[in-house]
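In: Model the structure of this input:
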Amino acid sequence: MGGWVDYSSKEEKSLGFRSSASQESRFLVTLSTQESVRSSLYINKFHNLGFTDSLTPHVNTHIPSLCVREFFMAALSCLATDLSPLLGGAANATAAAEFICNRFNDASDKFIDTGFAVDTTYLLFSSYLVFIMQLGFAMLCAGSVRAKNTMNIMLTNVIDAAAGGLFYYLFGFAVAFGTPSNGFIGKHFFGLKHIPSSAFDYSYFLYQWCFAIAAAGITSGSIAERTQFMAYLVYSSFLTGFVYPVVSHWFWSGDGWASAARTDNLLFGSGVIDFAGSGVVHMVGGIAGLWGALIEGPRIGRFDLSGKPVALRGHSGTLVVLGTFLLWFGWYGFNPGSFLNILKAYGESGSFYGQWSAVGRTAVTTTLAGCTAALTTLFGKRLFIGNWNLTDVCNGLLGGFAAITSGCSVVDPWAAIVCGFVAAWVLIGCNKLAERFKYDDPLEAAQLHGGCGAWGIIFTALFANKVYVNEIYPGRPGRSYGLLMGGGKNLLLAHVVQILVIATWVSITMGTLFWVLHKLKLLRISQEDEIAGMDMTSHGGYAYHGDDESQRNGFMMTKVEPTGTASSPYSLAV
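Out: Just a heads-up that it's a prediction; the model follows:
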């Protein structure tokens, strides 16, 4: 059977198509009875799911976007009644046509399966890249603390991933993406019940979990070298299971009150464009760490009796550089991976330009922002302190990445250079303020992720490109874009609101938690333990052999040059 299938404007927006010249949202579908039934199931999926933009980043539309692909593969099905006359009208023409069409339909199904596989593989690979960032955090933290606290900070990074995995599975994913729900909090999929579904696959959970534990890892750096291990367990579970998921629901879920993917009632007619999480991830982790460090107070010896800062430098520049490069590598899953899938053409199919191009552009903007921030920090710190400081350059690089994360997909490469340049000075300025107010953050996490993350949110509202915004967030003509690009002030207003609500929410929740732990004497370790180092007092030994006094005296095998009378090239040395 054949005919026209009519769609309302809502469905048209959902599919991301624009009306034809006649302004009719119709698609010609010529189907056999069997194919008509199958395609009607796909059409019903669109109505039942209630989602809007296919392929909207970080929004639960990964599977619906593939339903679109299935629908149109069905629409291109082969009809034996149309094919048989072309075979010459022979007696077996109908049978031959049916055979050919069956093979064609089988092939189309395999293309559909391939599409699922490619997009899922892309998302899984991006998840693995983001997970590598945990190793990067661990190495960066280990190198940035003193040797006596190395095992402690490494263990906290393991706990962030382990506790975060369990609590994000039980509560966090449902709170963040449990649609349908209200604008504040999700309410489905607790314990991944009903997953996989028409909205989600397991790969989507894995990717979002990696983001959740990244936020927790940021916080651990701010409170390093003086925090009780039990406090790490409590805050990490609370942050990944509740605080962070609520924020990600607001800005990334299709139901979130400030999400750019809402079907209606967009915040200031625009919603918040926080593509990969300068606010959702970096500001949340940075502000949580800010409150933890403020309530704990500075480390012993960080400021002298006159209030002047004393450098308590980390013990290994090697680990700092290793961690920085691992984080850099993982950021290519963090930012480009936030597209969630890659098989989408912008415009007509068969062209060279599509979502794969946007993925490449996002990797380029990420790279340029980080590189610019690193070089700016290098020369900026040289101007202030008179030397080329390794740790400062690594932190500057990461500050550029944190800043570009919000707008990486919707800005031009030249704008990314502006982002990185300003991010470096934001970090330098935040560090100056921290010293002035006697704030102690061993990894500069609050300044780097909180300060540079906030700048990244503002940057996106200033430089978002109209074309890129409409490609990545389609179906809403007239949406505001960058103020300096001629897009009006609405996006900037929405992003200012984002900064304020994240700061308020995290301050209320995490600030209260750290204050309660402090009052219960469960937050900071004793002065004796802090001076001795937590590796020895809490973890049973030192990270390095040379630091363990119990191992300094003893026997070891050493090789010596043989002599004419020696019977063995080895001897015992005390």
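
In: tally of neighbours for Lys193?
Out: 10 (other Cβ atoms under 10 Å). Where you see a C-beta, it was placed from the backbone N, CA and C, and this is true even at glycine.

In: Same check on Ser236?
Out: 26.

In: in what helix or strand does it lie?
Out: Using DSSP states H and E, Ser236 maps to helix 229-238.

In: which other helices and strands contact that helix?
Out: Where contact means 3 or more Cβ pairs under 8 Å, 6 or more residues apart in numbering; DSSP states H and E, helix 229-238 is packed against helix 150-167, helix 202-222, helix 490-519.

In: Would you format those as CSV with distance to Pro309 included?
Out: Putting those into CSV (distance: least, Cβ to Cβ, whole Å) gives the following:
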stretch, distance to Pro309
helix 150-167, 21
helix 202-222, 16
helix 490-519, 23
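
In: Okay, now the unreliable bits of this structure?
Out: 1-77, 80-81, 83-84, 86-91, 350, 546-574 (pLDDT under 70).

In: Return the distance of the lengthiest helix in it from the chain's centre.
Out: The residue-count maximum for a helix in the chain (DSSP state H) belongs to helix 93-144. Counting by Cα atoms, centre = their mean, to the nearest Å, helix 93-144 is centred 19 Å from the centre of its parent chain.

In: now that helix against helix 150-167, angle please.
Out: 150 degrees (axes from the mean of the first three to the mean of the last three Cα atoms, to 10 degrees).

In: Show me what helix 93-144 is packed against.
Out: Other elements packing on helix 93-144 under the criterion 3+ Cβ pairs under 8 Å, 6+ apart are helix 62-75, helix 80-83, helix 150-167, helix 202-222, helix 317-334.

In: Indicate which one of those helices is closest to Asp264.
Out: helix 62-75 (17.8 Å; Cβ to Cβ).

In: circling back to that earlier point, okay, buried residues for the helix holding Ser236 please.
Out: 231-232, 234-238 (16 or more other Cβ atoms under 10 Å).

In: can you check stretch 526-545 too?
Out: Neighbour-count burial for stretch 526-545, counted by 16+ other Cβ under 10 Å, picks out 530, 533-539, 542-543.

In: and it, how far out from the chain's middle?
Out: 33 Å.

In: what distance separates the start and the end of that stretch?
Out: Using Cα to Cα, to the nearest Å, the end-to-end distance of stretch 526-545 comes to 25 Å.

In: follow-up on the earlier one: how about the helices and strands packed on helix 229-238 in TSV, adding distance to Ile342 and mean neighbour count?
Out: Formatted as TSV, the helices and strands packed on helix 229-238 follow (distance: least, Cβ to Cβ, whole Å; neighbours: other Cβ atoms under 10 Å):
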stretch	distance to Ile342	mean neighbour count
helix 150-167	26	21
helix 202-222	13	25
helix 490-519	26	19
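
In: So which of these is nearest Leu267?
Out: Among the helices and strands packed on helix 229-238, helix 490-519 sits nearest to Leu267 (Cβ to Cβ), with 4.7 Å.

In: Just the angle for that closest one relative to helix 229-238, thanks.
Out: Using the same axes, to 10 degrees: helix 490-519 against helix 229-238 is 150 degrees.

In: Show me what helix 490-519 is packed up against.
Out: Secondary structure elements in contact with helix 490-519, counted by 3+ Cβ pairs under 8 Å, 6+ apart, are helix 229-238, helix 244-252, helix 284-296, helix 452-463.

In: Return the set of buried residues in the third one.
Out: Right, helix 284-296. 284-296.

In: Leu340: which of those is nearest?
Out: Val284 (20.3 Å).

In: thought that closest one was touching Val243?
Out: Yes: the criterion here is Cβ atoms under 8 Å, and Val284 meets it with Val243 at 6.9 Å.

In: so what sits against both of these two?
Out: Val506 (Cβ atoms under 8 Å, 6 or more residues apart in numbering).

In: Give me the phi and psi angles of Pro309.
Out: According to degrees, to the nearest 10, the main-chain angles of Pro309 amount to phi -70, psi 140.

In: my bad, Ala345
Out: The phi/psi pair for Ala345 (degrees, to the nearest 10) is phi -90, psi 140.

In: So that it lines up with my notes, have the first residue be 49 from now on.
Out: Got it, first residue is 49 now, which makes that one Ala393.

In: ok, and the closest non-adjacent residue to it?
Out: Nearest residue to Ala393 in three dimensions, chain neighbours excluded: Gly402, at 4.2 Å (Cβ to Cβ, 6 or more residues apart in numbering).

In: What backbone torsions are found at the one you found?
Out: The phi/psi pair for Gly402 (degrees, to the nearest 10) is phi -160, psi -160.

In: I'd like to check which residues are in contact with it.
Out: Contacts of Gly402 (Cβ under 8 Å, 6+ apart): 391-395.

In: Now go through these and say which are in strands.
Out: Among those, no member falls in strands (DSSP state E).

In: List just the nearest of these to Tyr529.
Out: Tyr394 (16.3 Å).

In: ok, the closest one - how many residues close by?
Out: 18.

In: need the contact list for Lys514.
Out: 529-530, 533-535.

In: same thing but at 7 Å, please
Out: Counting by Cβ atoms under 7 Å, 6 or more residues apart in numbering, Lys514 makes contact with 529, 533, 535.

In: mind listing the helices for the stretch 299-448 of the chain?
Out: 332-344, 365-382, 403-433, 438-452 (DSSP state H, counting those that start in this stretch).

In: quick revisit: which one of the helices and strands packed on helix 141-192 lies nearest to Gly434?
Out: helix 365-382 (18.1 Å).

In: What residues sit buried inside that closest one?
Out: 367-372, 374-376, 378-382.

In: mind giving me a markdown table with those residues and columns for distance to Leu431?
Out: Output for those, formatted as a markdown table (distance: Cβ to Cβ, whole Å):
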| residue | distance to Leu431 |
| --- | --- |
| Leu367 | 27 |
| Val368 | 22 |
| Val369 | 22 |
| Leu370 | 27 |
| Gly371 | 26 |
| Thr372 | 22 |
| Leu374 | 29 |
| Leu375 | 26 |
| Trp376 | 25 |
| Gly378 | 31 |
| Trp379 | 27 |
| Tyr380 | 31 |
| Gly381 | 35 |
| Phe382 | 31 |
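
In: which of those lies closest to Arg484?
Out: Val368 (24.8 Å).

In: State whether the closest one and Val441 are indeed in contact, as I suppose.
Out: No: between Val368 and Val441 there is no contact under Cβ atoms under 7 Å: 9.7 Å.

In: Which residues does stretch 198-211 contact?
Out: Residues contacting stretch 198-211 (Cβ under 7 Å, 6+ apart): 182, 185-186, 189-190, 193, 261, 264-265, 268, 272, 280-281, 284-285, 582-583, 586-587, 591.

In: these two touch, right, Phe449 and Phe377?
Out: No: contact status for Phe449 versus Phe377: not in contact, 11.2 Å apart, counting by Cβ under 7 Å.

In: From the contacts of Gly402, pick the one nearest Cys467.
Out: Of the contacts of Gly402, the one sitting nearest to Cys467 (Cβ to Cβ) turns out to be Tyr394, at 23.5 Å.

In: got the helices of the stretch 299-448 of the chain as TSV, with distance to Arg524 columns?
Out: Below are these laid out as TSV (distance: least, Cβ to Cβ, whole Å):
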stretch	distance to Arg524
helix 332-344	27
helix 365-382	26
helix 403-433	17
helix 438-452	24
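
In: who wins for proximity to Ala143 among these?
Out: Of all the helices of the stretch 299-448 of the chain, helix 403-433 comes closest under Cβ to Cβ, at 41.4 Å.

In: how many degrees apart are the closest one and helix 500-511 in direction?
Out: 120 degrees.
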